[in-house]
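> After the sequence you'll find the predicted model.
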Amino acid sequence: MERSRGQLARVASVAIALSYALLTHLGNAAVAGQASTPLTIRLDLQPYEQITGATAGNLADGPYPALVIGTAIPPGRGRVHVLHGNGRQYDEVWVSTNDVGVFESATIRDVNNNKRSDLVTLWRGGQGGYLDVQIFEWEGSTYRKLWQLAGFEMGGQLTQGASLGIRRIDDFGNVELVVRAPSVRPGESTLGPVHHQVSIYRWNAAKRTFVLYTRFVETEKSYN
């Protein structure tokens, strides 16, 4: 069956996104050296599903980097696709749907200090740009969700217009997740300088999840 122009456009978008991801992970020389051996990439997209981001990295401890492709599905959903390669082609091994946000970006980094990289995904939902963070880890046959940022709660976590930072806290490889968001009442403008709420999460080995370490509101107003 002949593909529609929309399907061909999505395939082209996949190729462009993955080219950038592979160049970033492997470097120009490595990709150029494999130029004579084209890779086949198999990815199924839903109607109107648009690619919004892609990255590559060692998620499954294999010889080839995993490919991560994030999408948006109107009016406000998104999916993350993970593909594994065997040297000749990449096949989709796992997909996760977010019903309240579209995919924004992904970072591949060990966040629970077990010497294995994790998949940190960022999503945006609603007109206020509410942040959702979902972290996944490969378990040998599938990806398991390690942690998800709690949604908006009055007096609790603020996520409208929030950003995520990951920073190292010691010489042993431990990190903390820093979520920073404008601290304003619902309906108030965030165009000018405002106070920001900072929530810091650290990994709890006993509970096998991130827990709130501290939360505070910055004393000085700022634009971002």
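Arrived safely. Numbering: from 1, shown residues only.
> measure stretch 171-187 end to end?
Stretch 171-187 stretches 43 Å from its first residue to its last (CA to CA, to the nearest Å).
> the strands in this protein, which residues?
40-42, 50-57, 66-73, 77-85, 89-98, 102-109, 118-125, 130-138, 143-148, 163-168, 175-182, 196-204, 209-217 (DSSP state E).
> Please identify the deepest-packed of the ones you listed.
strand 66-73 (a mean of 25; mean count of other CB atoms under 10 Å). Where you see a C-beta, it was placed from the backbone N, CA and C, and this is true even at glycine.
> same for it, what does it pack against?
Packing contacts for strand 66-73, counted by 3 or more CB pairs under 8 Å, 6 or more residues apart in numbering; DSSP states H and E, involve helix 5-26, strand 50-57, strand 77-85, strand 102-109.
> low pLDDT regions in the protein?
For the chain, residues meeting the criterion pLDDT under 70 lie at 1-38, 151-155.
> at 90 instead, please
Across the chain, the ranges flagged by pLDDT under 90 are 1-44, 61-62, 86-89, 126-128, 150-157, 160, 184-192, 223-224.
> Quick one, which of the strands of the chain gets closest to residue 188.
strand 175-182 (8.6 Å; CB to CB).
> mind saving the C-alpha coords of the closest one as CSV?
The C-alpha trace of strand 175-182 is given here as CSV (Å, rounded to 0.1, in the frame of the first residue of the first chain):
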residue,chain,number,x,y,z
VAL,A,175,22.5,13.4,42.6
GLU,A,176,19.4,15.4,43.5
LEU,A,177,16.5,16.6,41.4
VAL,A,178,15.8,20.3,41.7
VAL,A,179,12.3,21.5,40.6
ARG,A,180,12.0,25.2,40.4
ALA,A,181,8.7,27.0,39.6
PRO,A,182,7.2,30.5,39.9
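> so that strand versus strand 143-148, what angle?
Relative orientation of strand 175-182 versus strand 143-148 (axes from the mean of the first three to the mean of the last three CA atoms, to 10 degrees): 60 degrees.
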